[in-house]
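In: Sequence and predicted model, in that order:
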Amino acid sequence: MISRSAIKKLIRESEKHCCLQDKFSGTCVKIAAVADLPSRFGKFQVVAFYNNKDKEEHAAFIKGNVIGGTSVPTRLHSQCLTGDAIGSLRCDCHEQLKLSLKYIGKASCGIILYLRQEGRGIGFVNKIKAYALQDEGLDTIEADKFLGFSGDEREYNIAAHMLFSLGIKSVKLMTNNPRKIEDLIRHEVVVNSRIPLITSPNKYNRFYLETKRKKSGHLLDNNNEIIYEQAEEIIVKKQ
């Protein structure tokens, strides 16, 4: 756990901090508050952040003392109301979040950044519009582009700043998405390795996962059994 004295120091330093215009694309993130958060997955602490860019209130869920940590298991999880809260079977968001919490809950330390980027950054209303288009036969990328979006509007400069605000020196990133790795590295986060998240596809999300592999470069195998190569660690989820 991060000590009370360390928390006070983090908040003081965050309040005084001001980013240079070219750092983090001009985005400046501040720590608003830190509190204990016991959960079904272990004892965590929650950190509330605010920033000067998207005005959203992002969160970090921390296990152990990550300040100054190296190779910290880290998950960047974009908000998915339908998956995270309701357990939607149309995506794999709920399973990935649960696996991340289980893994970090058993580790000595780790962090989940919960980013308010619903629907790959297009927002909840547009996400449901995209779902309706998928019901008519479009895939997830085609639906986003039909609505005028790129297929993934997310940015990770805020996530990078959150990691720096917590003094994390390097991470082991829990992801299947190479773009997250590339974007963090672009913002000077040291990514030492990747931890894949393995879930079993169901009849509702199999086509969605295959589309992510083919069109977005997610690291899934050709048979869509969600097997990942060149990883130091593997998380396995059995149905």
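Out: Noted; the coordinates are in hand. Numbering: from 1, shown residues only.

In: drop to CA atoms for contacts and neighbour counts, all remaining ones
Out: OK.

In: quick one: Glu15 and Cys28 touch, right?
Out: No - with contact defined as CA atoms under 8 Å, Glu15 does not reach Cys28; the gap is 10.7 Å.

In: quick one, which of those two is more surrounded?
Out: Shown here are Glu15 and Cys28; by other CA atoms under 10 Å, Cys28 has more neighbours (22 against 13).

In: Show the pLDDT at Lys55.
Out: What the model reports for Lys55 is a pLDDT of 79.

In: Tell me the backbone dihedrals of it, please.
Out: With angles defined as degrees, to the nearest 10, Lys55 sits at phi 60, psi 10.

In: For burial, what's the neighbour tally of it?
Out: So Lys55, with other CA under 10 Å, has 10 neighbours.

In: what stretches of this protein score poorly on pLDDT?
Out: Scanning the chain for pLDDT under 70 picks out 20-23, 25, 220-239.

In: what does stretch 153-163 rub up against?
Out: 24-25, 27-29, 49, 51, 76, 113, 115, 117, 120-122, 180, 183-184, 187-189 (CA atoms under 8 Å, 6 or more residues apart in numbering).

In: Using PDB, write out every CA atom in that stretch.
Out: Backbone C-alpha positions of stretch 153-163 (Å, rounded to 0.1, in the frame of the first residue of the first chain) are rendered in PDB as follows:
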ATOM      1  CA  GLU A 153     -10.400   7.400 -31.500                       C
ATOM      2  CA  ARG A 154      -8.500   6.700 -28.300                       C
ATOM      3  CA  GLU A 155      -5.400   8.500 -27.100                       C
ATOM      4  CA  TYR A 156      -3.000   7.400 -24.400                       C
ATOM      5  CA  ASN A 157      -1.200  10.600 -23.500                       C
ATOM      6  CA  ILE A 158      -3.400  11.000 -20.400                       C
ATOM      7  CA  ALA A 159      -2.600   7.400 -19.400                       C
ATOM      8  CA  ALA A 160       1.100   8.100 -19.800                       C
ATOM      9  CA  HIS A 161       0.900  11.200 -17.600                       C
ATOM     10  CA  MET A 162      -1.000   9.200 -15.000                       C
ATOM     11  CA  LEU A 163       1.800   6.700 -14.800                       C
END
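
In: Okay, buried residues for it please.
Out: Residues of stretch 153-163 classed as buried: 154-163 (neighbour count, 16 or more other CA atoms under 10 Å).

In: Need the max-distance pair from those.
Out: Arg154 and Leu163 (17.0 Å; CA to CA).

In: chain center to stretch 150-168, what's the gap?
Out: 9 Å (CA atoms, centre = their mean, to the nearest Å).

In: Numbering from 26 from now on, please.
Out: Got it, first residue is 26 now, which makes that one stretch 175-193.

In: first vs last residue of that stretch, how far apart are they?
Out: With CA to CA, to the nearest Å as the measure, stretch 175-193 spans 31 Å from end to end.

In: swap in stretch 189-209?
Out: End to end - CA to CA - stretch 189-209 spans 11 Å.

In: what's the answer for stretch 181-196, then?
Out: 14 Å.

In: Also stretch 199-217?
Out: First-to-last residue span, stretch 199-217, CA to CA: 11 Å.

In: ditto for stretch 193-212
Out: Termini of stretch 193-212 sit 14 Å apart (CA to CA).

In: and for it, what are the contacting residues?
Out: With CA under 8 Å, 6+ apart as the criterion, stretch 193-212 contacts 49, 91-101, 125, 180-182, 184-185, 214-222, 242-245.
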